[in-house]
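> just to be clear, the model below is a prediction. Sequence and coordinates:
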Amino acid sequence: MKLVVQVKLTPDAVQAAAVERTVHAANEAATWVSAISFEHFRLRGTVRELRTLCYGELKARGFGAQAAQHIIKRVADAYATLRATIKAGNLGPEGSKRRRKAESKPITFRPDAAHTYDDRCLSWNYDAQTVSIWTLAGRIKNVRFACSPAALKQLTTHRKGESDLIQRDGRLFLIATLDVPAPEVFAPKGFIGLDRGITNLATTSDGDNHTGRRLGRYRRWQARKKAELQAKQTRSAKQLLKKRARREARHATHINHTISKTVVAVAQRTERGIALEELRGIRERVTVPRDQRARLSSWPFHQLGAFIAYKAKRAGVPFIEVDPAHTSQRCPRCGHTERANRPTRDHFHCRRCGLAGPADHVAGVNIAKRGATAWVFVNMPDPAPA
């Protein structure tokens, strides 16, 4: 299975200047190649066509053969992703404002966006914790990097393929690709159902609630601060808004990592699988009260599911997504499904058998049952040929 690990580069002043100049120049060149691609092929440029038009100019700008190839491939991949996004309808139907905007201009690359390195342009010395990296100023050796002992062990054992050099908040990072062998998935003795929500981010079928008042207060405080900055409409306020948005995203990622790590650890220890609701298209299907719309859009629920999925795969824990319909309105004891079973957001009370409890916990139990049923069907052996 493919994973990534991030390390922080700690170059001296001379090394840092050369590396930063290379990153900015590579992204400027990628924007130029993108403009050429859009002019000649609109959204349809391929690597071969762009190589014919742009390779010579990239070499003249000082880029080596491998660097030029990576720049061209980045542009072709970006347009391929945009075409797939449009085809999937993620930018709206034909003629919509978002789709017209995406189709009417070339893709641009931020000055600090990631630039790809392969083993010809970047080599690692794990014992000394240094890298040798190609730049426009030539090959620079002994550029130190910092990471945790666990990350260093993973790099030493499993690093394979390309790495991305990225600049973030004035600091340089390398994101390396790992090829880790996936363990065999064990046969589950049951399932843990996980219900994701707005007030409670994650509630399991065991009754564990992975949110609290502190997180709610933090999110409300962030919303107030953003509103204050947005009202000022100054340049410095806009810069602070971007900085605060990055900080809030890092906080959300940390919370999602913590939740997913805990859920997977419990599942592994109890030899159970994990079942989640399939939330694709949830914003289009669900009508949310006005006071909760911002909270629904501000938290990366998909990221939490992705974290649980890859951590479960890495631990050999069975993982499955199930239909989310009526999970909080169905009684897990008698099966009666009715909207009136959930009189309030937080409470469930079955109108037929009288079962009562927290609505999110009931939803988690229903998800666990659906996960166990779906797992049997997914892993059912093929029927013998007649």
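Thanks, I have it.
> contacts only, for the residue nearest the centre of the chain.
By CA atoms, centre = their mean, the chain has its centre lying nearest to Gln303, at 5.2 Å. By CB atoms under 8 Å, 6 or more residues apart in numbering, the contact set of Gln303 is 252-253, 256. Every C-beta, even on glycine, is put in place using the N, C-alpha and C of the backbone.
> any quick PyMOL command for the buried ones out of those residues?
Buried residues within the contacts of Gln303, by 16 or more other CB atoms under 10 Å, are selected in PyMOL with:
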select buried, resi 252+256
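> and of the contacts of Gln303, the nearest to Glu57?
Taking CB to CB as the measure, Glu57 lies nearest Thr253 of those, at 38.7 Å.
> all helices for this structure, in order.
13-41, 47-60, 65-87, 97-103, 149-158, 213-232, 235-270, 282-285, 290-298, 301-315, 359-378 (DSSP state H).
> possible to save the ones you listed as TSV with mean pLDDT and distance to Ser123?
Below are those laid out as TSV (pLDDT from 0 to 100; distance: least, CB to CB, whole Å):
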stretch	mean pLDDT	distance to Ser123
helix 13-41	96	15
helix 47-60	94	22
helix 65-87	95	13
helix 97-103	92	38
helix 149-158	93	13
helix 213-232	79	42
helix 235-270	89	30
helix 282-285	52	45
helix 290-298	56	42
helix 301-315	91	27
helix 359-378	92	43
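> to Val322, which of the ones you listed lies closest?
Going by CB to CB, the one of the helices of the chain nearest Val322 is helix 359-378, 4.0 Å.
> just the residues contacting that closest one, thanks.
Counting by CB under 8 Å, 6+ apart, 188, 190-195, 197, 200, 203-207, 209, 273-277, 318, 320, 322-324, 327-328, 330-332, 342, 344-348, 355 sit against helix 359-378.
> let me know the pLDDT of Ala113.
Looking at Ala113, its pLDDT stands at 93.
> wait, it sits on His24?
No - in this structure Ala113 lies outside contact range of His24 using CB atoms under 8 Å: 9.7 Å.
> Trp134: what's it in contact with?
22, 64, 66-67, 117, 121-122, 140.
> go through those and give me the one with the most neighbours.
Ala67 (26 neighbours; other CB atoms under 10 Å).
> distance of that one from Leu165?
Ala67 is 11 Å from Leu165, where distance means CB to CB, to the nearest Å.
> shared neighbours, the two?
Listed contacts common to Ala67 and Leu165 are His115; contacts here mean CB under 8 Å, 6+ apart.
> return the distance of Ser123 relative to Tyr117.
Distance from Ser123 to Tyr117, by CB to CB: 10 Å.
> what does Leu136 give?
For Leu136, the distance to Tyr117 - CB to CB - is 13 Å.
> give the contact list for Thr10.
Applying CB under 8 Å, 6+ apart, the residues near Thr10 are 144-146.
> just give the closest residue to Gly64, not the sequence neighbours.
Leaving aside its sequence neighbours, Gly64 sits nearest to Trp134 (CB to CB, 6 or more residues apart in numbering; 6.2 Å).
> bridged to the one you found, which residues?
Arg139 (DSSP bridges).
> repeat for the one 10 residues further on
Applying DSSP bridges to Arg144 yields these beta-bridge partners: Thr130.
> hang on, it packs against Ala16?
No - at 11.1 Å, Arg144 does not count as touching Ala16 under the criterion of CB under 8 Å.
> what sits up against stretch 144-159?
Under CB under 8 Å, 6+ apart, the answer for stretch 144-159 is 3, 5-11, 124, 126, 129-131, 174, 176-180.
> no no, stretch 63-77
Against stretch 63-77 from outside (CB under 8 Å, 6+ apart): 25-26, 29-30, 33-34, 37, 45-47, 50-51, 54-55, 58-59, 107, 109, 115-118, 120-121, 134, 136.
> now those residues: which count as buried?
Buried members of the contacts of stretch 63-77, scored by 16+ other CB under 10 Å, are 25-26, 29-30, 33-34, 37, 45, 50-51, 54-55, 58, 107, 109, 115-117, 121, 134, 136.
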